[in-house]
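Student: how would this look folded up:
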Amino acid sequence: MLRDPSQIPDGVLANQVYQCIVNDCCYGPLVDCIKHAIGHEHEVLLRDLLLEKNLSFLDEDQLRAKGYDKTPDFILQVPVAVEGHIIHWIESKASFGDECSHHAYLHDQFWSYWNRFGPGLVIYWYGFIQELDCNRERGILLKACFPTNIVTLCHSIA
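Tutor: You can find the predicted model right below:
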């Protein structure tokens, strides 16, 4: 009934529930739409940066078409190195990487990507708690922006 308050038989209660949903500044459907739009904008930004650097990749839609169920935003067709770490995939997070959300992402997403595709990079566009970047040696690198010094098989991209 939260998804459709018009199903609530009591009209006054239905209106109050609707008002609560509309005014929910943290978890309401309007906030979800805004978060989704911001996330999409950052994925488009990342795609543009990958294209600008002439890095060949597959995106989530292409990976799902190939039958993958859990996919990062981008898989690099040719791995690169960032700060001495090999990167096979990149995940864009249009949020701040706090301890709670990062550990949930590690469990629900990042380790699955690592198991399927190898080491990768997570970009928290709004920064992250530095101490969370503790899995570099295990294959998950955190950055707050697109890396400036990417090393490819042929040369370094600055």
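Student: next up, the contacts around the closest residue to Ile87 other than its chain neighbours.
Tutor: Of all residues not flanking Ile87 in the chain, Leu121 sits nearest, at 4.8 Å (C-beta to C-beta, 6 or more residues apart in numbering). Placement of C-beta: from N, CA and C, glycine included. Contact analysis of Leu121 by C-beta atoms under 8 Å, 6 or more residues apart in numbering lists Val82, Ile87, Trp89, Ile90, Glu91, Ile140, Leu141, Leu142, Lys143, Pro147.
Student: nearest spatial neighbour of the first one, skipping sequence neighbours?
Tutor: Spatially, and ignoring its direct neighbours in sequence, Val82 is nearest to Pro147 (4.5 Å; C-beta to C-beta, 6+ apart).
Student: pLDDT weak spots in the protein?
Tutor: Low-confidence segments of the chain (pLDDT under 70): 155-158.
Student: for it, which helix is longest?
Tutor: Among the segments of the chain that qualify as a helix by DSSP state H, the longest is helix 29-52.
Student: tell me which residues in that helix are buried?
Tutor: Gly39, His42, Glu43, Leu46, Leu49, Leu50 (16 or more other C-beta atoms under 10 Å).
Student: closest one of the contacts of Leu121 to Val17?
Tutor: Lowest distance from Val17 to the contacts of Leu121 (C-beta to C-beta) belongs to Glu91, with 35.3 Å.
Student: pretty sure the closest one is in a helix, no?
Tutor: No. Read with DSSP: H, G, I helix; E, B strand; the rest coil, Glu91 is strand and lies in no helix.
Student: okay, the spatially closest residue to Gly39 that is not a sequence neighbour and Val122: tell me how far apart.
Tutor: Take Gly39 and drop its neighbours on the chain: the residue closest to it by C-beta to C-beta, 6+ apart is Ala94, 4.6 Å away. Distance of Ala94 to Val122, given as C-beta to C-beta, to the nearest Å: 12 Å.
Student: I'm done for today, thanks for sticking with me.
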